[in-house]
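K.L.:
just the structure for this:
(2 chains)
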Number of protein chains: 2
Amino acid sequence: MNRHRFSEQEREGVYRAIAERRDIRHFLPDDIEPEVLNRLLKAAHQAGSVGLMQPWHFIRITRKQLRDDIYHLVEIERVNTAKALAEREDEFMKLKVEGIRECSELIVVALPDRRERHIFGRRTLPEMDLASASCAIQNMWLAARAEGIGMGWVSLFEPQKLSALLNMPEGSRPIAILCLGHVEAFYQKPMLEQENWAVGRPLDEFVSENTW
Amino acid sequence: MNRHRFSEQEREGVYRAIAERRDIRHFLPDDIEPEVLNRLLKAAHQAGSVGLMQPWHFIRITRKQLRDDIYHLVEIERVNTAKALAEREDEFMKLKVEGIRECSELIVVALPDRRERHIFGRRTLPEMDLASASCAIQNMWLAARAEGIGMGWVSLFEPQKLSALLNMPEGSRPIAILCLGHVEAFYQKPMLEQENWAVGRPLDEFVSENTW
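P.N.:
Numbers count the residues shown, from 1 in each chain, chains lettered A, B, ... in the order given. I've put the predicted structure just below:
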């Protein structure tokens, strides 16, 4: 018996979290227990990062006024996105694309300043900082699912404006507004499929051998 | 009892995969079973994506010559990175930063062409395609850990050259060379810590409230 083996149930837990994780916009008002929130942040922080640069920063939003300001920033971008979508404008405006006012925890994730010092694995691909931070967010998403907590990643915002609102240092950049909270249920399918916005295509269309 | 709850063991499996996932460069020669590889790709493909755009493509490298060509591309960038690191050049050159010739499966992940059609969640943050693809790769990494399979993400390459080598369409872009295979052991700590290249900083330095 190999020491690094997972039990069947541990392995199934991983696949279950991957399969049942959803981008959540509907929340119950109940608080998240502080130790649960701490486990989720720890899960994020355990992500690998290019050259071990740990390119992430988590800002927990606890001030009501700040949450409202963030909501309004997102609302402006929601309208701008709808206009940019042209013929699908009305359809888009009917979608629920965020749960900022309802979720019990609101966390902004940002890439830190002074990332240019980190060359390892980024000389030709500087955007690997965002890749690492995204892996951290995915860890948090899966851990949240395992805890029965819903999480949504909102990317409808003007980064400069959100940065100013949170007094972020020059060179840093917000990449996510995360909404977290207890849920009535996890969506059976991605919400954009449930709402007939889009249909996911099957895996075999995304795999090829030796060439595109 | 809430239907969406995980059992204790399922939940522990998720946290264990997150804690024990490593960026692997040392592989055993044994093949990965086709059904395992398929489960890993399926795990990747279950990631959420901004506006359900599914911005990923997986190219499985099975031709020996192509694997050698990719190895040489990475070797060129490894030397260029070492030079760019200046005073740490010699130290960097001693690190094992890839396992391309030893791993049993080599997979290139790319962002597909025609991503500009997808506006949802990307109008102000176009790089959310890379964020979604990174979440897919993290799913694969955690599933691999649960299967006892090691995976390494190599980002030391010139994207245009790798793109040309694989006849990728204009507008697409490679973001990862993934090395996968069975392992003797998973590193106890991130390899860059084990090799004294860098020391990870603790979570509390990365969390703040309402401001930076």
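K.L.:
just checking, what packs against the strand ranked longest in chain A?
P.N.:
Criterion DSSP state E: the longest strand present in chain A is strand A:173-182. Secondary structure elements in contact with strand A:173-182, counted by 3 or more CB pairs under 8 Å, 6 or more residues apart in numbering or on different chains; DSSP states H and E, are strand A:105-111, helix A:128-147, strand A:149-154, helix A:159-165. Just so you know, the C-beta spots here come from the backbone N, C-alpha and C atoms, and that holds for glycine as well.
K.L.:
of the ones you listed, which approaches residue B:22 most closely?
P.N.:
With distances scored as CB to CB, the stretch of the helices and strands packed on strand A:173-182 nearest to residue B:22 is helix A:128-147 (12.7 Å).
K.L.:
in which helix or strand does residue A:59 reside?
P.N.:
Here residue A:59 is covered by strand A:57-61, with elements defined by DSSP states H and E.
K.L.:
ah, wrong one, I meant residue A:168
P.N.:
Counting by DSSP H and E, residue A:168 is found in no helix or strand.
K.L.:
show me what contacts it?
P.N.:
When the contact criterion is CB atoms under 8 Å, 6 or more residues apart in numbering or on different chains, the partners of residue A:168 are A:110, A:174, B:212.
K.L.:
residue A:29 now?
P.N.:
Going by CB under 8 Å, 6+ apart, residue A:29 touches A:102, A:104, A:181.
K.L.:
please apply the same query to residue A:39.
P.N.:
Under the criterion of CB under 8 Å, 6+ apart, the contact partners of residue A:39 comprise A:143, A:147, B:15.
K.L.:
which of those lies closest to residue A:165?
P.N.:
residue A:143 (27.4 Å).
K.L.:
got the end-to-end distance for stretch A:38-52?
P.N.:
Counting by CA to CA, to the nearest Å, you get 21 Å between the two ends of stretch A:38-52.
K.L.:
may I see the buried residues of stretch A:156-168?
P.N.:
The neighbour-count criterion (16 or more other CB atoms under 10 Å in any protein chain shown) identifies A:156-159, A:161-163, A:165-166, A:168 as the buried residues of stretch A:156-168.
K.L.:
dihedrals phi and psi, the nearest residue to residue A:113 once chain neighbours are set aside?
P.N.:
Distance criterion CB to CB, 6 or more residues apart in numbering or on different chains; nearest residue to residue A:113, sequence neighbours excluded, is residue A:171 at 3.4 Å. Residue A:171 has phi and psi values of phi 100, psi -20 when expressed as degrees, to the nearest 10.
K.L.:
chain B is nearest to which of the helices and strands packed on strand A:173-182?
P.N.:
With CB to the nearest CB as the criterion, chain B lies closest to helix A:128-147 of the helices and strands packed on strand A:173-182, at 3.6 Å.
K.L.:
that closest one: how far from the chain's middle?
P.N.:
Distance of helix A:128-147 from the chain centroid (CA atoms, centre = their mean, to the nearest Å) equals 7 Å.
K.L.:
coming back round to it: got TSV for the contacts of residue A:168, with neighbour count too?
P.N.:
Below are the contacts of residue A:168 laid out as TSV (neighbours: other CB atoms under 10 Å in any protein chain shown):
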residue	neighbour count
A:110	24
A:174	24
B:212	15
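K.L.:
for the residue nearest in space to the middle of chain A, what are its contacts?
P.N.:
Ranked by distance to the mean C-alpha position of chain A (CA atoms, centre = their mean), the top residue is residue A:153 at 3.4 Å. Residues in contact with residue A:153, defined by CB under 8 Å, 6+ apart, are A:23, A:137, A:141, A:176-178, B:48.
K.L.:
beta partners of it?
P.N.:
For residue A:153, the beta-bridge partners are residue A:178 (DSSP bridges).
K.L.:
I'd say residue A:27 and residue A:102 touch.
P.N.:
Yes. Taking CB atoms under 8 Å as the contact criterion, residue A:27 and residue A:102 are neighbours in contact, 4.5 Å apart.
K.L.:
who's more crowded, these two?
P.N.:
Set residue A:27 next to residue A:102 and count neighbours by other CB atoms under 10 Å in any protein chain shown: residue A:27 wins out with 23 against 14.
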